[in-house]
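> only geometry, no sequence info:
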């Protein structure tokens, strides 16, 4: 499985305890319908997340992400669901997304 994803991260210091990061999330080798859980530490935010937002379509332009399950400030994990851009339907179980990347913006500590 490709998660935790490989990330390309650049931190921008906002305050003494906050970081804004741009990271490229790589899709899983075999997607599980219902979404994939990703840890805050996979984005280089070891203490937790306040906000995560996808920035664009995947590199092929075929897929996009929706972020779910950031339940509280400093959440340790979040869940992403992959969708097919042409149909707005969640990707099917077992779909190989390992060649796909989506840039996300994250705010955390």
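Structure received. Source: prediction; values computed, not measured.
> Show me the shaky parts of the protein.
In the predicted model of the chain, residues 1-17, 70-72 satisfy pLDDT under 70.
> again, only this time at 80
1-18, 69-74 (pLDDT under 80).
> name the element the residue most central in space within it belongs to?
The centre of the chain sits closest to residue 25, judged by CA atoms, centre = their mean, with a distance of 5.3 Å. Residue 25 belongs to strand 19-26 when assigned by DSSP states H and E.
> surely residue 35 meets residue 77?
No. Look at residue 35 against residue 77 with CB atoms under 8 Å: they stay out of range, at 11.0 Å. In short, each C-beta sits where N, CA and C put it, glycine included.
> Please name the bridge partners of the residue nearest to the centre of the chain.
Judged by DSSP bridges, the bridge partners of residue 25 are residue 102.
> do the same with residue 64
Applying DSSP bridges to residue 64 gives these bridge partners: residue 83.
> Hmm, it is touching residue 80, no?
No. Here residue 64 does not reach residue 80: they are 10.1 Å apart, not a contact under CB under 8 Å.
> more neighbours, the two?
The residue with more neighbours, out of residue 64 and residue 80, is residue 80; 23 against 17, by other CB atoms under 10 Å.
> Now the more buried one. Nearest residue, chain neighbours left out?
Nearest residue to residue 80, sequence neighbours excluded (CB to CB, 6 or more residues apart in numbering): residue 65, at 4.8 Å.
> What is the burial count for the one you found?
Using other CB under 10 Å: residue 65 sits among 24 other residues.
> Next: residue 18.
13.
> correct me, but it touches residue 107?
Yes. With contact defined as CB under 8 Å, residue 18 and residue 107 form a contacting pair (6.5 Å).
> so what sits against both of the two?
Common neighbours of residue 18 and residue 107 (criterion: CB atoms under 8 Å, 6 or more residues apart in numbering): residue 50.
> ok, the closest residue to residue 46 other than its chain neighbours to residue 81 distance?
Nearest residue to residue 46 in three dimensions, chain neighbours excluded: residue 40, at 6.9 Å (CB to CB, 6+ apart). Going from residue 40 to residue 81 by CB to CB, to the nearest Å gives 18 Å.
> That concludes my questions; thank you for your assistance.
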